[in-house]
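Asker: here is my input; please provide its structure:
(2 chains)
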Amino acid sequence: MASMKRITTVMKAEFRHIIRDPISLILALFMPMFLLFLSGYSICFELKNMPVAVFDMDQSRESRNYIKVIDNTPFFHIKHYLTSYEQAKNSLSRGETKCAVIIPADFSRRIKKDIPANIQILVDGSEFTSAQYIINYLSAINALHSEEIVASFLKKRGIVTDLEPIVLTTRFWYNQSLRGLTFIITGAFSLSIMGIVPMLSALAIVREKESGSIQQIFVSPIHSYEYIIGKMAPYVILLTLDFYFLVVFGLWWFELPLRGSTFILALATFLMTFATVAIGFFISTLTRSQLTALLIGIIFTLMPAFIFADAIAPVANSPTGWQFYSCLFPARFYTGICRAQILKGSGILSYWEDALALVIYCIVIFGLSAWRVKNKQI
Amino acid sequence: MDRIWGLIKKEYIHFYRDPVAMSLILYFYTACIILCGYCFFFDAKHMSTVVYDMNRTAASRDVIEKFLSTEYFDLDSYAASMADVKSRLDSSKASVALIIPPEFTRDLARGKPAYIQFIGDGSDANQAGQGGGFAKRIIGELNRDIIMNRLNNRGITVSHIPGIDLKIRALFNQELKSLYYIVIFHVATAGLISGIILCSTAVVREKERGTIDQILVTPTRSWELLIAKTVAPLTIGLISSVFSFLVVFWFNVPMRGNPLTFFIFMAFFLVSSAGIGIMIGSVCNNMLQAILLSVASTFPSLFLSGVITPFENLSPFLQKVSLCLPFTHFMVAANAIFQKGNGFDVLWPQALILIGMGAGFLSIGCFLTWRQWKQ
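Answerer: Next up is the predicted model:
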């Protein structure tokens, strides 16, 4: 029979442990906040003032006009004027610029004759992230400029026709103005739970093993699951409160909506915290030293959290086999639910797989840890 | 010299005695990179698309075909109603939707604007925004063809519509794969995390177990101890990075530069990471504090190095922070060595910065430890 008294005794002892090291406690509670601010302010999906090098072989009014169009956007500014193609390649290779615009000598002649003109863009493909932005932004600027040329051509010939026979209306659901923040903030919630919690709880048992006080537990009449519940409870309580605060604060500070149900979000956050604390306990039953526990924690939770929490890059891009692997970590289930509740306001039913997976996950990981402790394999 | 040698040997014995930790470090330098290489993509490609074609004519199918034949959009399913579209997007089964209204062909034939709706799942703003850009490009090409056809139908023969064609060439990485960048990023991450953590825990371990007192009574000076604590993780990191080098080849990341240059930079970088670790170790009193601070200290490097967000997108303040991190400079150097084939003639500023930072961090760590010892 489970004894409430035994559980509360273990709980009290663990609470004392936590409170005795206030520096660690403060560090642990503020780390998620640090991660939230860092991701909120560092991740920006808009290009700003990217330096560009230009090699203008044409030196005409048209080419200068084209350069000015690029320079006038807030996204680019012309930094170098080059005099040869070799120079352009060199400046990319030396990392002085990440992008060079090369205007061929026949540019203005072709424009005047109403023939399609070419422009070559050299992008530093080695830095993938910025290369992608540069290509997208330059293509969009070029498309607008081209449209003006087509319009003036048709006007000159006196042809009246629609410039856009097919009109594409783009809409973005859940996030009208496309604030990149919403994605990253909801991701940061999941990332900080998955990345930080298991490490904290893993160190809890290993410390007792290192100091040898775990032997006293084995000789006491306490059951394995009672011991684990008592050990886990302070962490689950403290961290759940910490993450409630984190989510509320994050939503308020970054002005995100909460379209779905607060209750479901709170429940999911609790389950996620429980699951991650349990993962930490499971890790701690496997190791003997704090360093190993920490390394396992980083390798099996922090890194997968970055990759699989759907926080920074979408998990859906990974190959199928690896997607199964990603299910070993509860982060992606939580991110799904969290995003659905905060941004989409969809009912729990459209995310029932994720919710179910999270619940099953909690039960399995708890059972595993209890089983390890019971067999004194700790 | 003898003293330092003895201390270094002692550190190696520590690592030798903890084979689990050693194999985990090795795992970090190899298997984790493989994991990242297979799963961590930034490319906005192959977005699953739900198509709702209310028109069902040759013209509408043409448009759909045009979208799905690109590498950006993959078919998820054909929806039969708007509710279908909504449920696919709500459950994140699809990330974009393409909707063609029933009057599409009729409007197009009459020369009225024919509308097509593109819906992106805005909760992933980066992907959705890029998807919208691709969709506009596809429709733009379609429109040019249609305008030309119309002019020809009216008897106005034009061979081409004027405009400007962008010929984009990505140097050093023609297919513009994110893979290479990610793999190199992860090698750097492995160096950063293992460097910081091994050093900070090595310093704190002595304090926690009380063995620091035994060292205090010997004539050992603080800097001698810290050098010993730096050398062991440094060699372990360098040896492990040889293994990551093999993984990098596994992913066919081009090695255009000199491997030796890379290892020299790796050594500089490990010294600066070790310096951060030593600093943390000398501030903290127990293992838990050291571990928490070490992990927290790696976050800025991961977020601000320009891999997740381009450096230019950061705010001016964060750009300055980013420049203070050794990680940023090492990423620039490692990337340039691998993909561009640069050598010291180009990368000497990065080398100097890394050495300077390493020396700076280490001497701050020494100073902090020296002050503690005096008390």
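Asker: okay, now the unreliable bits of the stretch 51-200 of chain B?
Answerer: Counting by pLDDT under 70, the stretch 51-200 of chain B has low-confidence residues at B:123-125, B:157-160, B:162-163, B:166.
Asker: please enumerate the strands of it.
Answerer: Secondary structure of the stretch 51-200 of chain B by DSSP state E, counting those that start in this stretch: the strands cover B:73-78, B:96-100, B:114-121, B:164-171.
Asker: buried deepest among those, which one?
Answerer: strand B:96-100 (a mean of 25; mean count of other CB atoms under 10 Å in any protein chain shown). (C-beta placed from N, C-alpha, C; glycine too.)
Asker: does that one reach chain A?
Answerer: No - for strand B:96-100 and chain A, the contact criterion (CB under 8 Å from any CB of the partner chain) is not met; the two come no nearer than 8.5 Å.
Asker: what helix or strand is B:A334 on?
Answerer: Assigned by DSSP states H and E, B:A334 falls within helix B:326-335.
Asker: need the phi and psi values for A:L239.
Answerer: phi -70, psi -40 (degrees, to the nearest 10).
Asker: any idea how far B:L225 is from it?
Answerer: As for A:L239, its distance to B:L225 is 36 Å (criterion: CB to CB, to the nearest Å).
Asker: for chain B, identify the residue most remote from the centre.
Answerer: B:G155 (54.6 Å; CA atoms, centre = their mean).
Asker: so which residues of chain A form strands?
Answerer: All strands of chain A, identified by DSSP state E, fall at A:50-56, A:76-81, A:99-103, A:117-124, A:166-173.
Asker: between these, which gets nearest to chain B?
Answerer: Closest to chain B of those is strand A:166-173 (CB to the nearest CB; 3.4 Å).
Asker: so of the strands of chain A, which one's packed in deepest?
Answerer: strand A:99-103 (a mean of 24).
Asker: contacts for that strand next, please.
Answerer: A:50, A:52-58, A:63, A:66-67, A:70, A:82, A:85, A:88, A:91-92, A:119-124, A:134, A:138 (CB atoms under 8 Å, 6 or more residues apart in numbering or on different chains).
Asker: filter the residues you listed by proximity to chain B?
Answerer: Near chain B, by the rule CB under 8 Å from any CB, you find A:M50, A:Y66, A:L92, A:I119, A:Q120, A:I121, A:L122, A:V123, A:D124, A:L138 out of the contacts of strand A:99-103.
Asker: show me which pair in those residues is furthest apart.
Answerer: Pairwise distances among these were taken by CB to CB; the largest, 21.2 Å, belongs to A:Y66 and A:D124.
Asker: returning to that earlier point: and the strands of the stretch 51-200 of chain B: which comes nearest A:K5?
Answerer: When these are ranked by proximity to A:K5 (CB to CB), strand B:114-121 comes first, at 51.3 Å.
Asker: so what strands line up beside the closest one?
Answerer: strand A:166-173 (parallel), strand B:96-100 (antiparallel) (DSSP bridges).
Asker: tell me the domain ranges of chain A?
Answerer: A:4-43+A:179-374, A:50-156 (automatic domain parsing).
Asker: tell me the most buried of those?
Answerer: Note that of these, domain A:4-43+A:179-374 is the most buried (mean count of other CB under 10 Å), with a mean of 20.
Asker: nearest residue to A:R288 other than its sequence neighbours?
Answerer: A:K209 (6.0 Å; CB to CB, 6 or more residues apart in numbering or on different chains).
Asker: wait, isn't the one you found in contact with A:T285?
Answerer: No - if you go by CB atoms under 8 Å, A:K209 and A:T285 don't touch, sitting 9.3 Å apart.
Asker: and the stretch 151-300 of chain B, which residues reach chain A?
Answerer: So far as CB under 8 Å from any CB goes, the stretch 151-300 of chain B lies against chain A at B:151, B:154, B:156, B:160-174, B:176-178, B:180-182, B:193, B:197, B:201, B:205, B:285-289, B:291-293, B:295-296, B:299-300.
Asker: any idea how far B:R137 is from A:V197?
Answerer: Applying CB to CB to A:V197 and B:R137 gives a distance of 43 Å.
Asker: again with A:F30
Answerer: From A:F30 to B:R137 the distance is 45 Å (CB to CB).
Asker: could I have stretch B:279-292 exported to CSV, CA atoms only?
Answerer: Below are the C-alpha coordinates for stretch B:279-292, written out as CSV (Å, rounded to 0.1, in the frame of the first residue of the first chain):
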residue,chain,number,x,y,z
MET,B,279,35.9,30.9,-15.9
ILE,B,280,32.6,29.2,-15.0
GLY,B,281,34.4,26.5,-12.9
SER,B,282,36.2,29.1,-10.8
VAL,B,283,33.0,31.0,-10.1
CYS,B,284,30.9,28.0,-9.1
ASN,B,285,30.9,26.1,-5.8
ASN,B,286,29.3,22.8,-6.8
MET,B,287,28.7,20.6,-9.8
LEU,B,288,25.1,21.6,-10.3
GLN,B,289,25.8,25.3,-10.5
ALA,B,290,28.7,24.7,-12.9
ILE,B,291,26.6,22.5,-15.1
LEU,B,292,23.7,24.9,-15.3
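Asker: so what's B:A267 up against?
Answerer: By CB under 8 Å, 6+ apart, the residues touching B:A267 are B:L234, B:L238.
Asker: ah, wrong one, I meant B:G306
Answerer: By CB under 8 Å, 6+ apart, the neighbours of B:G306 are A:E127, A:T129, A:S130, B:L314, B:S322, B:T328, B:M331.
Asker: tell me the phi and psi of it?
Answerer: phi 100, psi 0.
Asker: care to break chain B down by domain?
Answerer: With automatic domain parsing as the reference, chain B has domains B:2-40+B:177-374, B:47-153.
Asker: and the shortest one, how far apart are its ends?
Answerer: In other words, domain B:47-153. Taking CA to CA, to the nearest Å, domain B:47-153 runs 36 Å from one end to the other.
Asker: quick one: it to chain centroid distance?
Answerer: 32 Å (CA atoms, centre = their mean, to the nearest Å).
Asker: surely B:V50 forms part of a strand?
Answerer: Yes - counting by DSSP: H, G, I helix; E, B strand; the rest coil, B:V50 is found in a strand.
Asker: returning to what we had before: as a markdown table, the ones next to chain B among the contacts of strand A:99-103 with distance to B:D121 would be great.
Answerer: Shown next, in a markdown table, are those (distance: CB to CB, whole Å):
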| residue | distance to B:D121 |
| --- | --- |
| A:M50 | 27 |
| A:Y66 | 35 |
| A:L92 | 35 |
| A:I119 | 33 |
| A:Q120 | 34 |
| A:I121 | 29 |
| A:L122 | 33 |
| A:V123 | 27 |
| A:D124 | 30 |
| A:L138 | 25 |
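Asker: tabulate the residues you listed (CSV), appending distance to A:S326 and pLDDT.
Answerer: Listed next are these as CSV, based on distance: CB to CB, whole Å; pLDDT from 0 to 100:
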residue, distance to A:S326, pLDDT
A:M50, 33, 87
A:Y66, 46, 88
A:L92, 36, 85
A:I119, 42, 88
A:Q120, 40, 88
A:I121, 36, 89
A:L122, 37, 88
A:V123, 31, 88
A:D124, 31, 86
A:L138, 34, 87
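Asker: the residue lying closest to A:S60 once chain neighbours are set aside and A:Y66, how far apart?
Answerer: The shortest distance from A:S60 to any non-neighbouring residue, by CB to CB, 6+ apart, is to A:S108 (3.6 Å). The gap separating A:S108 from A:Y66 is 10 Å, by CB to CB.
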